[in-house]
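Asks: Make a model of this:
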Amino acid sequence: GVDTTLICTGTSETLDAGTHSSYLWSTGETTQTIDISTAGTYTVIGTDANGCSASDSMVIDILTVDISQNDTTICEGDSLVLTVDASNYFFGSSNSLVVPTNYPTIQSAINAANEGDKVYVLDGIYNESMIIDKAISLIGESMESTIIDGTNLTNTLIDIQLPDQNQNPNQSNNVILRNLTLQNLTTPTQSWGMNSSERAINSYRPGGGNDVYLTNLIVKNISVPSSAILLYSSDTAVISNCLIYNNECGYGAYGALRFMGSGRDLRVENSTIINNKGYTPTGSWAGRHGIGIHSSYPCDTVRVTNSIVYNNISYLGGIQGTEARNFSMYGNGGDHFFKINNSIINSQNQHSNLIAGNNVITNEPAFKDTIVGNYNLSASHPGIDLGALDLNNNGVLWTNDSNDQDPDGTRSDIGFGYYPQGPTTNFSSFLN
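Replies: As a prediction, the model looks like this:
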């Protein structure tokens, strides 16, 4: 997914795209590595000898900290409390807009933002829906406490509407959502497909060409006509370290997550998609598409890595795609499962088109306390330390790549978050 690296003013970070035949960075450079010293989002497209391409992005932010205390002399034995300007500490770069410190609502900050800006949202409950019409980052202070709540709302909570690519070919196309909880949207409208106006997250750009990165999100208790999350016409769509649960879709359904008309690079990484239901009781759509993950058009790549898709119910339950690895699939009703490797699978489920790969585990995944919505991994979870050996596909195994490790320095686990086996020692983890 889109990793974020924080560097100090005056230092630089080397970005390594791994081993490929050719490279094209968003900076125009064509080398395997580049050195970065300024804040921004950097994207690289790597192409192999067969002409197949994949892309990835990295957000570089600059840490700037201002101590609000003037120069002061104190006597030996005395103490002085130093305070830090919270906005600079939390937000780093100068192109940051802070809610509610500088703007009363998230939408007002988005309206004031320019392309490439970051809208930071402090912890709190925000009962509003919003439209993102430019390439920005929307980042909460903390995943569980920065909450966008849909109670009594009737529109999509976060609606990404970038201008038509055919008319704006040079416009930046990266939209990043990070560290947020989206919850409690219930709408009765009987409509479906990409034009349905009620979702937790909707992304649609005429002409395609948008890259959407969803990282450290909780999406829960969304009851809408069609798909809790729809990513339509995306060149790159990445779901990383997200928990998507207890969502219900009625008319036409499609369940928790749907890629539609998407293209080059679709990924679900280190996420748990659980207890989602898609069900239409009557009519031609009766009982269809209760899907954990659904891709409705042929795509170059659909990858599910280190993830759990569990107990998603209805006719086409589970996951429809092309490749899943280091993957936990248990208790999903329906069919359309392909190429499952390093997986957790209940052998009693009946799924057609299932190709079980290496290291298949037959045990049920284990969570701490699902009754209260705690889907953190428990000590008995069978996917601990069984994540991808090279999660970011840079050719370096996890033992020598801190980006592929959990924050405690161990091999990545299968599912949302991780099971801590010691203190946090790895601050370069993909989960940080």
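Asks: Kindly state the pLDDT recorded for the closest residue to L162 other than its chain neighbours?
Replies: Excluding its sequence neighbours, the residue lying closest to L162 (Cβ to Cβ, 6 or more residues apart in numbering) is R205, at 4.4 Å. C-beta: built from backbone N, CA, C; applies to glycine. Per-residue pLDDT puts R205 at 71.
Asks: R205: neighbour count?
Replies: The number of residues packed near R205 is 23, by other Cβ atoms under 10 Å.
Asks: so it touches N174, yeah?
Replies: No: applying Cβ atoms under 8 Å, one finds R205 not in contact with N174, separated by 11.8 Å.
Asks: what is in contact with those two at once?
Replies: Here R205 and N174 have no joint contacts, going by Cβ atoms under 8 Å, 6 or more residues apart in numbering.
Asks: For the stretch 251-400 of the chain, which residues score under the pLDDT cut-off?
Replies: Along the stretch 251-400 of the chain, the parts satisfying pLDDT under 70 run over 251-255, 259-265, 278-303, 312-363.
Asks: ok, the nearest residue in space to F367 that is not next to it in sequence - contacts?
Replies: Leaving aside its sequence neighbours, F367 sits nearest to Y375 (Cβ to Cβ, 6+ apart; 4.8 Å). Residues in contact with Y375 (Cβ under 8 Å, 6+ apart) are L243, Y245, T272, I274, F367, K368, G415, F416, G417.
Asks: and if you look at S145?
Replies: Counted by Cβ under 8 Å, 6+ apart, S145 has contacts D123, G124, T181.
Asks: Now rank those by neighbours and give me the top one.
Replies: Top of the contacts of S145 by neighbour count (other Cβ under 10 Å): T181, with 21 neighbours.
Asks: Can you give the strand pairings for the helix or strand hosting that residue, parallel or anti for each?
Replies: T181 is part of strand 174-186 when elements are defined by DSSP states H and E. With DSSP bridges as the test, strand 174-186 is paired with strand 137-140 (parallel), strand 146-149 (parallel), strand 210-224 (parallel).
Asks: what's the average pLDDT for the first one?
Replies: So the one you mean is strand 137-140. 94.
Asks: For T146, which non-adjacent residue is spatially closest?
Replies: Nearest one to T146, counting by Cβ to Cβ, 6+ apart, is G140 at 2.9 Å.
Asks: re earlier: make a PyMOL selection of the buried ones in the contacts of Y375.
Replies: A single PyMOL command is used to select the members of these judged buried by 16 or more other Cβ atoms under 10 Å:
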select buried, resi 243+245+272+274+367+415+416+417
